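Student: predicted structure and sequence below. I'll ask about it afterward.
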2 protein chains.
Amino acid sequence: MTTTLPATLNRARELVWPALRLAVDSLEPDLRAVAVQHFGWDEDGGGGGKAVRPALALASAAAAGAAPETGVDGAVAVELVHNFSLLHDDIMDRDQERHHRPTAWTVFGEARAILAGDALANLSTQVLLRRETPEAMRAASMLVDATARMIAGQSEDMSREGRLGVRIEEVIAMHAAKTGALLSCASSIGAVLAGAGEDVVRRLAAFGIQVGIAFQAVDDQLGIWGRPELTGKPTWNDLRQRKSSLPVVAALDTKCDEAERLRDLLSKPDLAEAEIAEAAELVEACGGRRFAAEEAERRMQLALRELEQAPIEPAAREELEGLARFIVEREF
Amino acid sequence: MTTTLPATLNRARELVWPALRLAVDSLEPDLRAVAVQHFGWDEDGGGGGKAVRPALALASAAAAGAAPETGVDGAVAVELVHNFSLLHDDIMDRDQERHHRPTAWTVFGEARAILAGDALANLSTQVLLRRETPEAMRAASMLVDATARMIAGQSEDMSREGRLGVRIEEVIAMHAAKTGALLSCASSIGAVLAGAGEDVVRRLAAFGIQVGIAFQAVDDQLGIWGRPELTGKPTWNDLRQRKSSLPVVAALDTKCDEAERLRDLLSKPDLAEAEIAEAAELVEACGGRRFAAEEAERRMQLALRELEQAPIEPAAREELEGLARFIVEREF
């Protein structure tokens, strides 16, 4: 795994970044400028990120027995949707930095960042529909369905912020929508473009959903106990923001004695630092942290089971498994 | 014309509003709530507007010899794109009211209004791709291309605000993109869904572009000299906001003596009310108002010529002409 993974990601960057750049270059100059800053192409090193979604798209084309290149349009489209959502999320959350760089809206103003996000979202469908094939149409259809679920999940997440009494299944369903839908699309869009059968596409899509839920279960732990120097956010950040994240919801759901005290704390209008620290301890004492860790592991197993049952090449299966582990087992 | 027009608009409302409502009802509840308020469906009278774009879409299906119903998906999709752009424009422009009602972002906050706009934009493509036909794919492809041009035009408009030395052709190209592209799509998408030939589609699309430019030429006059009780905006509003609108750009482009004084005025960082009034007079004295009026008339003639040359039914031609006149010759 360790030897194939860097090759998989490098291949994705080599094949997809130029095509992505070409698509973005077709935008009106002032919109392009926002996108270029957002992608980090204006800096040394070229920006663009780790390319996990593009790598999934290419691997899914390979899984269907096609050349990885067959998945390039799908990879570009998914990456455009992902980045449109980041552009708009940063405005909605008033985030000033992403990966230690200023967010686009702080540089270009809100209006331009909203419009650039709109442009990337629309471009994602254009890239696919440009090829007038039934496969491209099916891929575009899958992409807009995934985008709809992602947006709905984002809205559910927004509505739950600061609300107590959220159920575990609600959080997981929200994670499946907000993060799982697009990873699911990334994991199967290459296969769709390669003309794969329904059984392959369905298994790969189900794999991606589970990877998304596993990723969020890890991300929710890091939101409370992550190391600030790695996550770029203060410790207990999600507790401070009253996020109904998986460890908190799982802790509140237990019959443990400390759950009552935790509920009281989280109901207070303002929390002192010592109270936030106490809340973090209570979440852990009530098993919230363990629950999230076990959920991540459980979902990863479900993801791998989908891969095993998918009628695909062993090499492609290994590649997809490597990508799933890379996405979920990150250190920050 | 006067007798067929109300029937055309009524038919559009009867056929399209229920389908639009059904599509919006599929959204996640909190996103749906924003859309419902934006469309005015939460008020007596039902909201929804005059339905000119839906009417164009149905008339274009009829022009291709199909039942108007054939254009319904296209009408819904175009209306969704139009309303996504209104939702985001109101945030970008910080507009508090639209048609004497509070804008969505002032009611639900910016984050929800951004997300609801994203949801409507994405839904527009979903509505079309749901039908897995080559015609639907062609319509979806046309819609995303039109949306791309609309977004690019909006960006150009933003970049020109407050800039002197803009050329007349630049303003008209921007109008063609910002307003013409979606009207062009509305005017031909029904024909595309009806499987019309390239010649019909191209003529109808060209008709829509010209209607859009004519509309903007009128709108730019109203932005300066419109009656506030009808437009809902103060007189000389576009001058106050330093918009490079058609009358201003045309006035500055002349060799007339007053153009120099106008340029000086518009270069000042702040303008007193008396100076704004003077600027409005100078624009008129230099022929800017007349130029815009003549441009509107010229573009309307070009639109009608496209209709005449399109191989379509006379009844459909009459309907499209009635809609074009209604769009351009509005009193507010």
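Tutor: Structure received.
Student: point me to the residue of the stretch 201-332 of chain A nearest chain B.
Tutor: Scanning the stretch 201-332 of chain A for the residue nearest chain B gives residue A:241, at 13.7 Å (criterion: CB to the nearest CB). Glycine gets a C-beta too; all of them are placed from N, C-alpha and C.
Student: any idea how far residue B:327 is from that residue?
Tutor: Distance, residue A:241 to residue B:327, by CB to CB, to the nearest Å: 47 Å.
Student: which one of those two is surrounded by more residues?
Tutor: residue B:327 (23 against 13; other CB atoms under 10 Å in any protein chain shown).
Student: which element is the more buried one on?
Tutor: In this structure, residue B:327 is located in helix B:314-328 according to DSSP states H and E.
Student: picking up where we left off before, list the contacts for the residue of the stretch 201-332 of chain A closest to chain B?
Tutor: For residue A:241, the contacting residues are residue A:161, by CB atoms under 8 Å, 6 or more residues apart in numbering or on different chains.
Student: residues near residue A:302, how many?
Tutor: 16.
Student: I'd guessed it sits against residue A:210; true?
Tutor: Yes. Between residue A:302 and residue A:210 there is a contact at 4.4 Å, judged by CB atoms under 8 Å.
Student: low-confidence ranges in chain A?
Tutor: Across chain A, residues meeting the criterion (pLDDT under 70) sit at A:1-3, A:45-46, A:331-332.
Student: so how far is the helix holding residue B:327 from its chain's centroid?
Tutor: 16 Å (CA atoms, centre = their mean, to the nearest Å).
Student: next one: stretch A:311-322
Tutor: Its chain's C-alpha centre lies 21 Å from the corresponding centre of stretch A:311-322 when counted by CA atoms, centre = their mean.
Student: next: stretch A:168-175.
Tutor: The chain centre lies 15 Å from the centre of stretch A:168-175; the measure is CA atoms, centre = their mean.
Student: next, see if that stretch gets close to chain B.
Tutor: No. Using CB under 8 Å from any CB of the partner chain, stretch A:168-175 stays clear of chain B, with a minimum separation of 10.3 Å.
Student: neighbouring contacts of that stretch?
Tutor: A:153, A:156-157, A:160, A:212-213, A:216-217, A:244-246, A:249-250, A:253, A:295.
Student: quick check: the farthest pair among those residues?
Tutor: A:212 and A:253 (21.7 Å; CB to CB).
Student: check contacts around the residue nearest in space to the middle of chain A.
Tutor: Chain A has residue A:179 as the residue nearest its centroid, 4.4 Å off, counting by CA atoms, centre = their mean. Taking CB under 8 Å, 6+ apart as the definition of contact, the neighbours of residue A:179 are A:150, A:153, A:212-213, A:215-216.
Student: neighbours of residue A:318, how many?
Tutor: 16.
Student: sorry, slip of the keys, the one I care about is residue A:14.
Tutor: With neighbours defined by other CB under 10 Å, the count for residue A:14 comes to 10.
Student: ditto for residue A:309
Tutor: 12.
Student: same question for residue A:265.
Tutor: The number of residues packed around residue A:265, counting by other CB under 10 Å, is 16.
Student: and for the one 3 residues further on?
Tutor: Burial of residue A:268 is recorded as 10 neighbouring residues (other CB under 10 Å).
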